[in-house]
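Trainee: okay, predicted coordinates and the sequence, questions at the end:
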Amino acid sequence: MARKHFTIQYDNCNPSRTPVDTESKPGPDGVPGTLDFGLHLYASSTTSLVGYTDVDWAGCPSTRMSTSGYCVFLGDNLLSWSAKRHHTLSRSSAEAEYRGVANVVAETAWLRNLLRELHSPLSTATLVYCDNVSAVYMSANPVQHQRTKHIEIDIHFVRDMVTAGQVNVLHIPSRYQYADIFTKGLPSALFEEFRSSLSVRPPPAQTARAY
């Protein structure tokens, strides 16, 4: 199976068990030997576009801004990812999560257009997985709620994409929400599992040449 390996070097960084400290204080131990990890791409016949989105609501202790993250897969390959701080406060977790949904839907819409221009249009709807039940409900329910007035543009944008059959927003348990790795500190075992699910792994073992 053909594969490519990309390596990003962090020579001046100190290794840490998680990218965000789960207890908001320096940790004494780390995981050495990960500087050569890279993103692996595999030959795949699957052309489905799938996104995962998560938000750490009001997670910044000083500003109470939320942090959203997403990852998008084309078939078995990680194609796009993001982690960024929101510019405005969200008054509820559902509001923050829905902004995260709108961000990944916008990204997948751009990718669908790009694939169409490359003469490889997708024939199925993009699946977007979110672990917030309220955000999933709002993506399909036309009833307006008082708490959604601050994200009205996002509401209409996502619903239009759902109505057009280009996107389907589904609930997923947090245990399988890969985007968590971009927004919060995770236990080391779960972090390593999610990292592997994103195809961020060490290079393949070198085989000895026969002479």
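Mentor: Sure thing, it's come through.

Trainee: which helix or strand contains the closest residue to Tyr176 other than its chain neighbours?
Mentor: The shortest distance from Tyr176 to any non-neighbouring residue, by C-beta to C-beta, 6 or more residues apart in numbering, is to Tyr129 (7.9 Å). Where C-beta positions appear, they are placed from N, C-alpha and C, glycine not excepted. Element membership for Tyr129, per DSSP states H and E: strand 126-130.

Trainee: show me what that strand packs onto, helices and strands only.
Mentor: strand 49-56, helix 93-117, strand 167-171 (3 or more C-beta pairs under 8 Å, 6 or more residues apart in numbering; DSSP states H and E).

Trainee: tabulate those (a markdown table), appending mean pLDDT and distance to Leu78.
Mentor: Below are the helices and strands packed on strand 126-130 laid out as a markdown table (pLDDT from 0 to 100; distance: least, C-beta to C-beta, whole Å):
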| stretch | mean pLDDT | distance to Leu78 |
| --- | --- | --- |
| strand 49-56 | 93 | 10 |
| helix 93-117 | 90 | 12 |
| strand 167-171 | 94 | 19 |
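
Trainee: Pro204 is nearest to which of those?
Mentor: strand 49-56 (25.0 Å; C-beta to C-beta).

Trainee: neighbouring contacts of the closest one?
Mentor: Here strand 49-56 makes contact (C-beta atoms under 8 Å, 6 or more residues apart in numbering) with 66-74, 79, 93, 96-97, 99-101, 103-105, 107-108, 111-112, 122, 126-132, 172, 177-180, 182-184.

Trainee: with stretch 101-120 instead?
Mentor: Here stretch 101-120 has contacts from 47, 49, 51-53, 68, 70, 72, 74, 79-80, 82, 121-122, 126, 128, 130, 135, 139, 151, 154, 157-158, 161, 166-167, 169, using C-beta under 8 Å, 6+ apart.

Trainee: go with 6 Å
Mentor: With contacts defined as C-beta atoms under 6 Å, 6 or more residues apart in numbering, stretch 101-120 is touched by 49, 51, 53, 68, 70, 72, 80, 122, 126, 128, 130, 135, 154, 157-158, 161, 167.

Trainee: got any ranges where the chain has weak pLDDT?
Mentor: 1-34, 59, 61, 88, 91, 142-152, 205-211 (pLDDT under 70).

Trainee: can I get the helices and strands packed on strand 126-130 in CSV including distance to Gly38?
Mentor: Output for these, formatted as CSV (distance: least, C-beta to C-beta, whole Å):
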stretch, distance to Gly38
strand 49-56, 21
helix 93-117, 22
strand 167-171, 30
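
Trainee: how about the helices in this structure?
Mentor: 93-117, 133-140, 152-163, 188-197 (DSSP state H).

Trainee: thought Asn168 was touching Leu127, still the case?
Mentor: Yes. The pair Leu127 / Asn168 is scored as a contact, 5.5 Å apart, by C-beta atoms under 6 Å.
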